[in-house]
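Colleague: Got a sequence here, can you build the structure:
(2 chains)
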Amino acid sequence: GENVEQHPSTLSVQEGDSAVIKCTYSDSASNYFPWYKQELGKGPQLIIDIRSNVGEKKDQRIAVTLNKTAKHFSLHITETQPEDSAVYFCAASLRGGGNKLTFGTGTQLKVEL
Amino acid sequence: GAVVSQHPSWVICKSGTSVKIECRSLDFQATTMFWYRQFPKQSLMLMATSNEGSKATYEQGVEKDKFLINHASLTLSTLTVTSAHPEDSSFYICSAEAAERETQYFGPGTRLLVL
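Modeller: Model prediction:
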């Protein structure tokens, strides 16, 4: 089955700096890669996703890049703000193949003032 | 759009009792719903996948007789933890997916504490 690795496990940045979180996946058939933000005591919230037919997607301060050959994808947050502090999870799935998400282990992002 | 609710948000129960958790998609019809369990500082672990009107598919290691899932309509799925024990204490989260959206939207979670 699919295996998703995520790094780093914790990330501390200064407000205004950029943050990058990286994930690798094992199943080359996976074709959908969402990123979720989870605040303490809450459910995960979808922040951006990318499908395997594109290499990059951007939504304001958030961007995701995908390298299918290397089987890795990354989340980029620019101009970080204190409210960006949360746990971020990457995930991978095969659309049309049960659509189950396999999650990474999570990254605790802390944006310091 | 794409709002998923869960009820209750938290529950405390005695060991040996059963607890039912509801998951509703409020503004879309969910062809598939998923149930996850999350322990502190860990990732989400998929427990089962349920499609409306059919039996749930459980992940390896998840006891189907202990975690009963019912997906009676396109907007409601329930998870019943039967004969709960302290080791069942966890954060249970559901997600819902509509065919046309191809994206899972998560509920706010239910924190279960079994004494």
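Colleague: so which helix or strand takes in the nearest residue to residue B:68 once chain neighbours are set aside?
Modeller: Setting aside the residues directly before and after it, residue B:68 is nearest to residue B:80 in space (CB to CB, 6 or more residues apart in numbering or on different chains), at 4.2 Å. (C-beta placed from N, C-alpha, C; glycine too.) Counting by DSSP states H and E, the secondary-structure element that holds residue B:80 is strand B:76-81.
Colleague: Could you tell me the average pLDDT over the following helix or strand past that strand, please?
Modeller: Counting by DSSP H and E, the element after strand B:76-81 in chain order, helix or strand, is strand B:90-97. With pLDDT averaged residue by residue, strand B:90-97 scores 96.
Colleague: hmm, strand B:90-97 in reach of chain A?
Modeller: Yes - looking at strand B:90-97 against chain A by CB under 8 Å from any CB of the partner chain, the contacts come from B:93, B:97.
Colleague: give me every residue that touches the residue of chain B found nearest chain A.
Modeller: Ranked by CB to the nearest CB, the top residue of chain B for proximity to chain A is residue B:106, at 4.1 Å. With contacts taken as CB atoms under 8 Å, 6 or more residues apart in numbering or on different chains, residue B:106 has the following neighbours: A:36, A:43, A:44, A:45, A:46, B:4, B:93, B:94, B:95.
Colleague: Which among those count as buried?
Modeller: Taking 16 or more other CB atoms under 10 Å in any protein chain shown as the criterion, what is buried in these is A:36, A:43, A:44, A:46, B:4, B:93, B:94, B:95.
Colleague: Show the backbone phi and psi for residue 45.
Modeller: All of this refers to chain A. Per-residue torsions, residue A:45: phi -120, psi 130 (degrees, to the nearest 10).
Colleague: Tell me what it is bridged to.
Modeller: In this entry, residue A:45 is beta-bridged to residue A:37, by DSSP bridges.
Colleague: where in the chain is pLDDT low?
Modeller: Since no chain was named, I'll use chain A. Counting by pLDDT under 70, the low-confidence segments of chain A come to A:96-98.
Colleague: The intended chain is chain B.
Modeller: Of all residues in chain B, those with pLDDT under 70 make up the ranges B:1, B:99, B:101.
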